[in-house]
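>>> I'll drop the sequence and a predicted model, then ask my questions.
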Amino acid sequence: MDPDITQLLHDARRGSKGAEAVLLEVIYEDLRKLARRHLRLERRDHTLQTSALVHEVYLKLFPSQRTDWESRGQFYAAAAKTMRRILVSYARARLAAKRPPRDGQVDAGDWKDALQSSPEEMLALDAALKELAEGDARQAQIVALRFFCGLSVEETASALGISDKTVKRDWSTARAWLRSRIAP
């Protein structure tokens, strides 16, 4: 059984070294799984390594001062946002080094495949997610938790304090909306 991350976050904030050590172990492995998943979704010749991505996310999430994480959901939402920012930043750098963008066109038929082909598609996904967040913040949160954090429907519902049915409905709607924005 997985340890209660929310409780570990609270205990670590109160100064428990044991909780801090267990928390680091648990979140580090979770972040590695997420990083492996996202880097596998990207091109096979990706030069960003799993450990480098995890360390960068960790350093951004846990600066020298203690962060007041209120819940597991808040932590994973921040992790998803941080990983997305790093991957978008990396895609921009690769694109700038490679060539100018191709008229902003995206060739992916499915929004999840946007990470497989090129930095242009990662940037298009990022722009679409920003647009989605302006129209429906909850759907954007669900996409971040499901896609970038890899949470299940049940875990996402728990993190956001909503029902499984709402997550399923919003997840389906958000995917269709993103697909329409990213597909040519």
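Received it, and whenever you're ready, just let me know what you need.
>>> select the longest helix from this protein.
helix 72-98 (DSSP state H).
>>> list the buried ones in it?
Buried residues in helix 72-98, counted by 16 or more other C-beta atoms under 10 Å: 72-73, 75-84, 86-88, 90-91, 94-95. Where C-beta positions appear, they are placed from N, C-alpha and C, glycine not excepted.
>>> just checking, what packs against it?
Packing partners of helix 72-98 (3 or more C-beta pairs under 8 Å, 6 or more residues apart in numbering; DSSP states H and E): helix 5-13, helix 17-41, helix 50-61, helix 119-135, helix 153-160.
>>> tell me, please, where in the chain the pLDDT is lower than the cut-off.
Where the chain drops to pLDDT under 70, the residues are 1-2, 38-48, 63-67, 96-118, 184.
>>> redo that, cut-off 90
1-129, 143-152, 155-156, 158-161, 178-184 (pLDDT under 90).
>>> can I get the CA coordinates of stretch 164-177 in CSV?
The C-alpha trace of stretch 164-177 is given here as CSV (Å, rounded to 0.1, in the frame of the first residue of the first chain):
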residue,chain,number,x,y,z
ASP,A,164,-15.3,9.9,-10.7
LYS,A,165,-18.2,10.5,-13.1
THR,A,166,-17.3,14.2,-13.4
VAL,A,167,-13.7,13.3,-14.1
LYS,A,168,-14.7,10.9,-16.8
ARG,A,169,-17.1,13.3,-18.4
ASP,A,170,-14.6,16.3,-18.3
TRP,A,171,-11.7,14.1,-19.4
SER,A,172,-13.6,12.9,-22.4
THR,A,173,-14.8,16.5,-23.3
ALA,A,174,-11.3,17.9,-22.8
ARG,A,175,-9.6,15.3,-25.0
ALA,A,176,-12.1,15.9,-27.8
TRP,A,177,-11.6,19.7,-27.5
